[in-house]
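Trainee: let me see the structure of the following:
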Amino acid sequence: MQKDLSNYRKSYEKSALTEDAIKENPLEQFQKWFYEVEATDGLDEPNAMTISTIGLDGFPKNRVVLMKKYTHEGFIFYTNYLSEKGKALEKNPSVCLSFFWPNLERQIIIKGKTEKIAENLSDGYFESRPLGSQLGAIVSDQSEVIESREVLQAKLMALEKELEGKEIERPAHWGGYLVRPISLEFWQGRPNRLHDRIRYTLQKDYNWKIERLQP
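Mentor: Next up, the predicted model:
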């Protein structure tokens, strides 16, 4: 089985990324781009990001998660601490995040270090989640093998009955991570594959070094 995709072609012509128009701080540049992608049509979840970790088996693994907050410190997402992802982060907190916004012909690649956020912050977010999402976080032993979908549904029904009318607390194995960036690369598609690539790198004095990369 094969299919030749060499004739797939697209000319990127929607925007440009120049040094005289960017912010000095990459988190402010991220915010600018995020506001712009939110204001356009054609993308359901602009907060969807790919996170890459190094697994316990030594292989990198990518998956898409949802960023739930960004601040001057970095990017926050939530997951099961005992999942494959959580175990990988426990051993090696270095990650790579990437955002791809095809409607604006843009992507951002972020290297950083993860750390668990404060428990009260995880509590607050968990309380804001819909009931079904709260129960799902409790009932699922994320990344573990299960016999069938029916077994999972039965576990959920049993949990719903057990917790009916009770206040649901965040399980200790579920919470948030903050990714503190050390490098952010902003990519803007340009004609003839001569794309704009601007990289910010955190220096020892906590200032950001800005460089243009060849496409």
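Trainee: for I198, give me its contacts.
Mentor: For I198, the contact set (C-beta atoms under 8 Å, 6 or more residues apart in numbering) comprises L17, E19, I22, E185, F186, I210, E211, R212, L213. Quick note: C-beta positions are derived from backbone N, CA and C, even for glycine.
Trainee: switch the cut-off to 10 Å
Mentor: 17-19, 21-22, 26, 29, 184-188, 210-213 (C-beta atoms under 10 Å, 6 or more residues apart in numbering).
Trainee: one more: I117?
Mentor: Contacts of I117 (C-beta under 10 Å, 6+ apart): K69, E73, I76, F77, Y78, Y125, G175, G176, Y177, L178.
Trainee: which residue sits closest to the first one, ignoring its sequence neighbours?
Mentor: Yep, that's K69 we're talking about. Nearest non-adjacent residue to K69, counting by C-beta to C-beta, 6 or more residues apart in numbering: I76, 4.2 Å away.
Trainee: please name the strands paired to the longest strand belonging to the chain in the sheet, noting orientation.
Mentor: Longest strand in the chain by number of residues (criterion: DSSP state E): strand 174-188. With DSSP bridges as the test, strand 174-188 is paired with strand 75-80 (antiparallel), strand 106-116 (antiparallel), strand 196-202 (antiparallel).
Trainee: indicate which one of these is closest to G132.
Mentor: strand 75-80 (15.2 Å; C-beta to C-beta).
Trainee: buried set for the longest helix anywhere in the chain?
Mentor: In the chain, assigned by DSSP state H, the helix with the most residues is helix 149-163. For helix 149-163, the buried set under the neighbour-count rule, 16 or more other C-beta atoms under 10 Å, comprises K155, L156.
Trainee: what of stretch 71-79?
Mentor: Of all the residues in stretch 71-79, those buried under the rule 16+ other C-beta under 10 Å are G74, F75, I76, F77, Y78, T79.
Trainee: contacting residues around the fourth one?
Mentor: Counting by C-beta under 10 Å, 6+ apart, F77 touches 47, 49, 51, 65-69, 85, 97, 114, 117, 176-179.
Trainee: and the longest strand of the chain, how far out from the chain's middle?
Mentor: Put simply, strand 174-188 sits 7 Å off its chain's centre (C-alpha atoms, centre = their mean, to the nearest Å).
Trainee: how about stretch 195-215?
Mentor: In terms of C-alpha atoms, centre = their mean, the centre of stretch 195-215 is found 21 Å from the chain centre.
Trainee: end to end on that stretch, go ahead and measure it.
Mentor: Across stretch 195-215, the terminal residues are separated by 5 Å (C-alpha to C-alpha, to the nearest Å).
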